[in-house]
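*Asks:* pasting the sequence and the predicted coordinates here, then a few questions.
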Amino acid sequence: MIDRSRRLRTTPLLRGMVRETRMSPQSLILPLFLQEGEKICSPIPSLPGHFHYSPDEVSRGIEEALSHGINKFLLFGLPASKDPEGSGAYAEDGIVQQGLRAIRQKYGKEVYLITDVCMCEYTSHGHCGILCGETVDNDKTLPYLSRTALSHVQAGADMVAPSDMMDGRVAAIRQALDENGFENTPILSYAVKYASSFYGPFRDAAGSAPSFGDRKSYQMDCHNVREALKEAMQDTREGADMLMVKPALSYLDVIRAVKENTHLPLAAYSVSGEYAMIKAAAQAGLIDEYGVMCESAVSIFRAGADILITYYANELADAIMKGDIG
């Protein structure tokens with residue numbers, strides 16, 4: 001007797017019923033870029049379809065996302081000036097802090113705001129921490145990260161997401177939040193963040209490229225999987241509430257490994273280079289952008305992600321609601 005697996009593929013309704021991987025717009029997070037100034041809504045050339053927003057204009061990006069059913073955002077900041085200590089990261093009137101207050105005042109709790117906690121956008125040298133010579137000083141950086149996270153929560157952040165890859169930063173941030181009455185504010189840790197070539201468009205968009213050297217001494221080596229589990233488990237012990245793997249598409253095996261060996265909700269970040277490659281190939285007429293966008297997102301969830309941070313959040317939400325995926 002032939003095993004007729006094809007019977008369950010015969011109609012769209014049947015295929016939808018037996019899908020093994022389920023997706024929802026509620027599991028999508030859209031990155032937004034805040035820039036100091038006024039009346040700024042400027043296209044980002046390296047990320048087609050995305051913009052730099054000043055705090056008084058960021059509602060444009062929020063409204064567009066809400067119209068697609070997206071209400072969760074990851075905020076990045078571009079300060080007007082930088083210094084070796086990255087003081088704009090934790091300043092009361094820093095760009096992310098301004099954006100948080102503007103969004104919260106207009107939308108209240110209608111939206112969920114997550115902030116990237118790092119130093120690279122704010123330091124004059126472009127590295128993710130405080131330098132000692134030409135080396136990032138891990139332990140000296142921790143108080144700056146804690147101060148930044150606390151300032152974000154005080155300005156209205158619902159969740160903080162440290163992306164710096166300093167050892168011990170989750171514990172330091174957890175302690176700072178708890179001691180200041182924010183014990184219920186969750187931490188989404190960039191637990192597994194690789195030193196990747198896929199970050200190029202983001203570094204252009206955020207002005208965060210290092211002025212010398214690279215970040216391989218603190219971000220992970222792309223050859224390693226067991227180290228990813230070590231990082232994820234360490235951040236879990238330190239008090240992380242959610243974990244992240246970044247990038248996503250070239251690290252599906254890592255997503256699967258972390259999913260199978262940890263018990264926290266797992267996010268994956270489909271990074272700027274992944275988005276830009278799909279856009280460029282589609283513009284050249286080489287691929288079907290919509291189809292590749294959908295298939296790529298499904299692969300990330302299929303690997304084990306519970307949450308996807310993606311520049312395609314709006315478009316993916318539409319595809320899910322149409323029933324093309326999810």
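*Replies:* Yep, that arrived.
*Asks:* endpoints of stretch 268-276, how far apart?
*Replies:* 17 Å (CA to CA, to the nearest Å).
*Asks:* swap in stretch 129-145?
*Replies:* For stretch 129-145, the end-to-end distance is 8 Å (CA to CA).
*Asks:* same check on stretch 258-276?
*Replies:* 26 Å.
*Asks:* and that stretch, what's buried?
*Replies:* Buried positions in stretch 258-276, judged by neighbour count with 16 or more other CB atoms under 10 Å: 258-259, 262, 264, 266-276. Every C-beta, even on glycine, is put in place using the N, C-alpha and C of the backbone.
*Asks:* please apply the same query to stretch 32-40.
*Replies:* Leu32, Phe33, Leu34, Gln35, Glu36, Gly37, Ile40.
*Asks:* in the chain, what helix or strand scores lowest on average pLDDT?
*Replies:* helix 200-206 (a mean of 73; mean pLDDT, DSSP states H and E).
*Asks:* circling back: in TSV: the buried residues of stretch 32-40, plus pLDDT and distance to Pro162.
*Replies:* TSV is the format used below for these (pLDDT from 0 to 100; distance: CB to CB, whole Å):
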residue	pLDDT	distance to Pro162
Leu32	97	18
Phe33	96	18
Leu34	97	18
Gln35	96	22
Glu36	94	22
Gly37	95	26
Ile40	97	27
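*Asks:* report the two of those residues separated the most.
*Replies:* The span of the buried residues of stretch 32-40, defined through CB to CB, is set by Leu32 and Gly37 at 15.3 Å.
*Asks:* just for the protein, where's the confidence low?
*Replies:* The chain contains residues with pLDDT under 70 at 203, 205-209, 211, 213.
*Asks:* what about the longest helix in it?
*Replies:* helix 138-155 (DSSP state H).
*Asks:* returning to that earlier point: tell me the one of the buried residues of stretch 258-276 nearest Glu20?
*Replies:* In terms of CB to CB, no member of the buried residues of stretch 258-276 lies closer to Glu20 than Lys259, at 14.4 Å.
*Asks:* what sits against the closest residue to that closest one other than its chain neighbours?
*Replies:* Ranked by CB to CB, 6 or more residues apart in numbering and with sequence neighbours excluded, the top spatial neighbour of Lys259 is Gly304, at 3.0 Å. With contact set as CB atoms under 8 Å, 6 or more residues apart in numbering, Gly304 has these partners: Ile255, Arg256, Val258, Lys259, Glu260, Leu266.
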